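Undergrad: give me a 3D structure for the following:
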Amino acid sequence: MNTKAFEGVKRELDDLTKQGLPLCGITVRQNHEKLFEYTRSLEQDQRVFLYSCSKPLTIAGAMRLWERGQIGLDDPVAKYLPAYAGAYLMKDGVKTPPSTEMTIRHLMTMTAGLNYELNAPPICRTIENGGTDTLSVVNAFVQSPLDFSPGDRYQYSLCHDVLAAVVQVAAGKPFGRYMHEEVFEPLGMSRTSYRWQQEEIAPQYRFDGETRRFEPIPKACAYCLTEEYESGGAGVVSTLHDLSLFVDALACGGTSASGYQLLKPQTIDLIRTEQLPHLARNPAFECPAGADYGYGLGVRTRVRMDGGQSSHPGEFGWDGAAGSFELADPASGVSIAFVTHVREWYSIRPLFHLPIRDRVFEAINAK
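TA: Below you'll find the predicted structure:
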């Protein structure tokens, strides 16, 4: 491992720690070989809440079912979750059917008309009445009106939580067990799950933009609505090591270093193909990685190189609410897993993942 080539990456991370970032870690691999690793105040096997970095994991689990023909991308969601046949809009105070039926593709592209209102009255009522499992809570989402007809536009939302419920029904087993058997365990992600113990979790912080301080906050994830609820959008607890194994497989045609075929290369290509038409992208879609990115199936995907030649078209991944970041670049076999545990991270330095990305590819090209 030639760490000298990665001095630029280390400088970027050192700069973040000088600004007070309390903990972070990064692992860079190329074609399964670990090229660089850096941690500060974070052990490789210390667990963190991945938040929305959970979304590509859920996509991988769902696309395994798609490869087997157990689900179709254009299947109605109501085929698996009958409650979704009752999805509606409110127009002039009247419940109105949406103009388009919600499909699995809409869930994967976050164009289903859902939102991220975790405290919506139907959700709260369902939980208060004892409906704490994944299916019960997800079915409550469509007791509130949709914000728009599926397909009309992109909106960051609970779509991946609904997708998790679809996977559970299609697979015929609890979502978490399915993910453990099909994704986590075969990839060697032994510290990844939807359950945790407080003592296993790394300290979690919130950045206060007014005081410019990092404040400790409870080791909790607001998106895990109950102890039984397995959130496909934000519920995974993992480690730097485990996340790097997953992203490495994505960057290497869907196959892990041990030879496990998580997904076929053609499926990886489909996931990283932009899915949003202009209407859906404008003005709602925006990506923390910058304007060069569109949206594929549950991932950002690089569609332009206006911001420079650091990675390649089709490079893809996502990030999480506590600052973690995943990147897979199949053109070069490069993967980046970056972990931190700070809410409100985006006010620390806008787009701070981009210089990390760029320094990594400078190092790769300089090898």
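
Undergrad: got the contact list for Phe285?
TA: Residues near Phe285 by CB atoms under 8 Å, 6 or more residues apart in numbering: 154, 276, 294-295. Glycine gets a C-beta too; all of them are placed from N, C-alpha and C.

Undergrad: give me that answer again for 6 Å
TA: By CB atoms under 6 Å, 6 or more residues apart in numbering, Phe285 lies in contact with 154, 295.

Undergrad: what's the answer for the one 3 residues further on, then?
TA: The contact partners of Pro288, taken as CB under 6 Å, 6+ apart, are Asp319.

Undergrad: SS state for it?
TA: Look at Pro288: counting by DSSP: H, G, I helix; E, B strand; the rest coil, its state is coil.

Undergrad: how much space between it and Leu50?
TA: Using CB to CB, to the nearest Å, Pro288 is found at 15 Å from Leu50.

Undergrad: just Phe207 next, same as before
TA: Counting by CB to CB, the gap from Phe207 to Leu50 is 18 Å.

Undergrad: check Ala289 too.
TA: Distance of Ala289 to Leu50, given as CB to CB: 17 Å.

Undergrad: neighbour count: these two, which is higher?
TA: Leu50 (29 against 23; other CB atoms under 10 Å).

Undergrad: got a list of contacts for stretch 41-54?
TA: 23, 25, 191, 200-202, 221, 234-241, 318, 320-322, 324, 326, 339, 341.

Undergrad: now stretch 213-232
TA: 20, 22, 49, 58, 127, 132-134, 137, 160-161, 163-164, 175-176, 194, 198, 201, 204-208, 234-235.

Undergrad: as a check, name the ranges of all strands in the chain.
TA: 24-30, 33-40, 48-49, 89-91, 94-96, 204-208, 213-217, 237-238, 293-295, 300-302, 316-319, 325-329, 334-340, 342-343 (DSSP state E).

Undergrad: adding distance to Gly8, mean neighbour count and mean pLDDT as columns, could you present these in a markdown table?
TA: Shown next, in a markdown table, are the strands of the chain (distance: least, CB to CB, whole Å; neighbours: other CB atoms under 10 Å; pLDDT from 0 to 100):
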| stretch | distance to Gly8 | mean neighbour count | mean pLDDT |
| --- | --- | --- | --- |
| strand 24-30 | 12 | 24 | 97 |
| strand 33-40 | 11 | 17 | 95 |
| strand 48-49 | 25 | 28 | 98 |
| strand 89-91 | 50 | 12 | 97 |
| strand 94-96 | 55 | 10 | 97 |
| strand 204-208 | 24 | 18 | 95 |
| strand 213-217 | 25 | 14 | 95 |
| strand 237-238 | 27 | 24 | 98 |
| strand 293-295 | 22 | 22 | 93 |
| strand 300-302 | 20 | 24 | 95 |
| strand 316-319 | 20 | 26 | 96 |
| strand 325-329 | 16 | 27 | 97 |
| strand 334-340 | 14 | 29 | 97 |
| strand 342-343 | 23 | 22 | 95 |
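
Undergrad: now tabulate those in CSV and tack on distance to Leu263.
TA: As requested, these are arranged in CSV below (distance: least, CB to CB, whole Å):
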stretch, distance to Leu263
strand 24-30, 17
strand 33-40, 21
strand 48-49, 24
strand 89-91, 35
strand 94-96, 38
strand 204-208, 31
strand 213-217, 35
strand 237-238, 18
strand 293-295, 18
strand 300-302, 15
strand 316-319, 13
strand 325-329, 11
strand 334-340, 14
strand 342-343, 31
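
Undergrad: and Asn119, which of these is closest to it?
TA: Taking CB to CB, strand 342-343 is the member of these nearest to Asn119, at 17.4 Å.

Undergrad: and that closest one, how far out from the chain middle?
TA: Taking the mean of its C-alpha atoms, strand 342-343 sits 16 Å from the chain's own mean (CA atoms, centre = their mean, to the nearest Å).

Undergrad: can you check stretch 55-67 too?
TA: With CA atoms, centre = their mean, you get 12 Å for stretch 55-67.

Undergrad: thanks a lot, see you next time.
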